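> turn this into a structure:
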Amino acid sequence: MANRKEKEKMVEALREDLSKAKVVVLTDYRGLTVAQINSLRRILKEEGAQYKVVKNTLMRLAVKETGLEKLEPYLEGPTAIAYGYDEPVVPIKVLVKFAKGNDNLSIKAGALEGNILEESDLRRISELPTKEVLLGKTLGCFQAPLRGFLSVLQGNILNLVYVLNAVKEQKANV
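The predicted structure is shown next:
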């Protein structure tokens, strides 16, 4: 059993993780094997996220000082937490996809940049396109009018060339 000092260090580490994370997702891992949990950890780590099993009592203490007190009702039963530090949508996508293939993993709730989200909200977020796809679509929207404008200009120049060529041929025939 951890003594008081060790527990204080654990709570402080949780607070630090919570304050640095852009996204936090609480899950119930009951029924997952150690191999499945390790596989999920590995996938999340590759995406720049972490996955930790936490004690609810320590987590309750940590959320009180980080502005995430509204997560407390979800701290029942076995709890593991996923933290995303860089791209906030990626850990959500990974967890939702993993949960679809593993009925034993259930998503409880989460927080995205301080906003508390229900499980249904997290599932909807997981369906959003990636940042790169959205940027590509936005860039395409900016490029489309320019392409149209260039086509119009190019058409006018071609017409001018045809007219000048016709005048040249007409004068050559005279």
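
> and the pLDDT for the one residue sitting closest to the centre of the chain?
In the chain, the residue lying closest to the centroid (Cα atoms, centre = their mean) is V89, at 1.0 Å. Reading off the confidence values, V89 has pLDDT 86.

> quick check: it touching E127?
No. With contact defined as Cβ atoms under 8 Å, V89 does not reach E127; the gap is 10.0 Å. In this view, the C-beta of every residue, glycine as well, is placed from N, C-alpha and C.

> for V161, give me its contacts.
For V161, the contact set (Cβ atoms under 8 Å, 6 or more residues apart in numbering) is empty.

> average model confidence for the longest helix along the chain?
Longest helix in the chain by number of residues, with DSSP state H as the criterion: helix 131-173. The average pLDDT for helix 131-173 rounds to 76.

> so, low pLDDT: which residues of this structure?
1-2, 149-150, 153 (pLDDT under 70).

> can you show me the strands along it?
For the chain, the strands defined by DSSP state E cover 23-28, 49-54, 79-84, 106-112, 115-118.

> can you redo these as a markdown table with mean neighbour count and distance to K93?
Below are the strands of the chain laid out as a markdown table (neighbours: other Cβ atoms under 10 Å; distance: least, Cβ to Cβ, whole Å):
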| stretch | mean neighbour count | distance to K93 |
| --- | --- | --- |
| strand 23-28 | 24 | 11 |
| strand 49-54 | 18 | 10 |
| strand 79-84 | 22 | 10 |
| strand 106-112 | 21 | 12 |
| strand 115-118 | 15 | 14 |
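
> can I get those strands in a markdown table including distance to L146?
Compiled in a markdown table, the strands of the chain are given as follows (distance: least, Cβ to Cβ, whole Å):
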| stretch | distance to L146 |
| --- | --- |
| strand 23-28 | 36 |
| strand 49-54 | 38 |
| strand 79-84 | 36 |
| strand 106-112 | 35 |
| strand 115-118 | 37 |
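
> give me the distance between the two termini of stretch 15-30.
Using Cα to Cα, to the nearest Å, one end of stretch 15-30 lies 24 Å from the other.

> which residues does it contact?
37, 50, 52-53, 62-63, 65-66, 68, 71, 74-75, 77-89, 91-92, 95, 99, 104-113, 122.

> please redo it, this time with the cut-off set to 7 Å
With contact meaning Cβ atoms under 7 Å, 6 or more residues apart in numbering, stretch 15-30 is reached by 37, 53, 62-63, 65-66, 68, 71, 74, 77-85, 88, 91-92, 95, 104-113, 122.
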